[in-house]
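Chemist: Take this sequence and fold it.
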Amino acid sequence: MTRNDDDKTPSLVPAPGSIHPLRRFTDARVALGRAGTSLPTRAHLDFLHDHARARDAVWATPDLDGLGSRLESAGMPVVRLRSAAPDRAVYLRRPDLGRRLADEDAGRLRGLAVPDGAGGERPRVGIVVVDGLSAMAIDANAAPVVIGLGQALRDQRVELAPVALVEQGRVAVGDAVGEALGLALVIVLIGERPGLSTADSLGCYVTWAPRPGTLDSARNCISNIRLGGLDPEQAVVRIADLVRGIWRARVSGVALSAAIGQRHG
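Modeler: Sure, this is the predicted structure:
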């Protein structure tokens, strides 16, 4: 039977059989099939839904009050901070402001630092939770990662500073927190830029000797922390191992690979 040339109804063509099994292993848009020269209606509607969800993740506000309560219930003190960006619209237009602490918060944070020789051990490692570009990532993943990481680091006899919860922040705001508290190492957990496959992915950036102006090449990153990616429990193990390696080498980022290579060379 042949199609009539006047029949303009597109035919639904399934994805090739050799590709379709890949969908079990990824949320990426593979093996969608086609309807004529276009996507099937379901795939097109899924695309529109995921695009809207990604936009919502950027503009939404994470529940930092709830997160702070969960952490304090787990025995982890919390300090709330804001970046120099006054609101979300400015934050999105001015990434530079998201890298700095608000002046009043920077001063308040310096007052929490324990000076050398003040009796009691100085906090050496800090965990900084930053809303970044995905409130969904913070709400879904931050609490189990921070609580698990706190326990793992205490097991390593690491002294922890209060957990900093930063609104309207970028990765580099952790450098300002680290400098203010006099930390040797800072762990930044941040909502990653949403994609069309996931809007709730958490990223982790670990920096040795954090100071404003630190280059991204001096950081180590573990990304895609979420159910369906690197789940929080596995992420805790990887981050703790990374912190242990950085602490031994006294460097992070590109320099860490070089230091490990020299040690095993």
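Chemist: Low-confidence bits of the protein, can you list those?
Modeler: 1-20, 22-23, 114-123, 261-265 (pLDDT under 70).
Chemist: Return the residues in contact with the spatially most central residue of it.
Modeler: Centroid-nearest residue in the chain: Gly203, 2.3 Å away (criterion: C-alpha atoms, centre = their mean). Contacts for Gly203 (C-beta atoms under 8 Å, 6 or more residues apart in numbering) come out as 132, 137, 171, 189-192, 221-225. Yep, even glycine has a C-beta here, placed from its N, CA and C like the rest.
Chemist: So it versus Gly213, what's the distance?
Modeler: According to C-beta to C-beta, to the nearest Å, Gly203 and Gly213 sit 21 Å apart.
Chemist: same question, Ile246
Modeler: The value you get for Ile246 to Gly213, if C-beta to C-beta is used, is 19 Å.
Chemist: Counting neighbours, go ahead and name the busier of those two.
Modeler: Neighbour tally, Ile246 and Gly213, criterion other C-beta atoms under 10 Å: the higher count belongs to Ile246, 23 against 8.
Chemist: What ranges does the stretch 151-265 of the chain have for its strands?
Modeler: Along the stretch 151-265 of the chain, counting by DSSP state E, counting those that start in this stretch, strands occupy 163-167, 185-191, 202-208, 219-225.
Chemist: Let's have those in CSV, adding distance to Arg55.
Modeler: Converted to CSV, the strands of the stretch 151-265 of the chain look like this (distance: least, C-beta to C-beta, whole Å):
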stretch, distance to Arg55
strand 163-167, 19
strand 185-191, 14
strand 202-208, 19
strand 219-225, 20
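Chemist: Of all those, which one comes closest to Ser257?
Modeler: strand 219-225 (9.2 Å; C-beta to C-beta).
Chemist: For that closest one, list every residue counted as buried.
Modeler: 219-220, 222, 225 (16 or more other C-beta atoms under 10 Å).
Chemist: Using TSV, lay out those together with distance to Arg93.
Modeler: Converted to TSV, the buried residues of strand 219-225 look like this (distance: C-beta to C-beta, whole Å):
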residue	distance to Arg93
Arg219	24
Asn220	29
Ile222	28
Ile225	27
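Chemist: Give me the distance between the closest residue in space to Thr26 that isn't next to it in sequence and Pro232.
Modeler: Excluding its sequence neighbours, the residue lying closest to Thr26 (C-beta to C-beta, 6 or more residues apart in numbering) is Ser197, at 7.7 Å. Ser197 sits 19 Å away from Pro232, going by C-beta to C-beta.
Chemist: The two - which one has more neighbours?
Modeler: Under the criterion of other C-beta under 10 Å, the comparison of Ser197 against Pro232 puts Pro232 first, with 21 against 15.
Chemist: what about the closest residue to that one other than its chain neighbours, how many neighbours?
Modeler: Sequence neighbours aside, Pro144 is the residue nearest to Pro232 in space, at 4.1 Å (criterion: C-beta to C-beta, 6+ apart). Using other C-beta under 10 Å, Pro144 has 16 neighbouring residues.
Chemist: Next: Asp65.
Modeler: Neighbours around Asp65, by other C-beta under 10 Å: 10.
Chemist: Name all residues that make contact with it.
Modeler: Going by C-beta under 8 Å, 6+ apart, the list of residues near Asp65 is empty.
Chemist: now it, what's its secondary structure?
Modeler: helix (DSSP: H, G, I helix; E, B strand; the rest coil).
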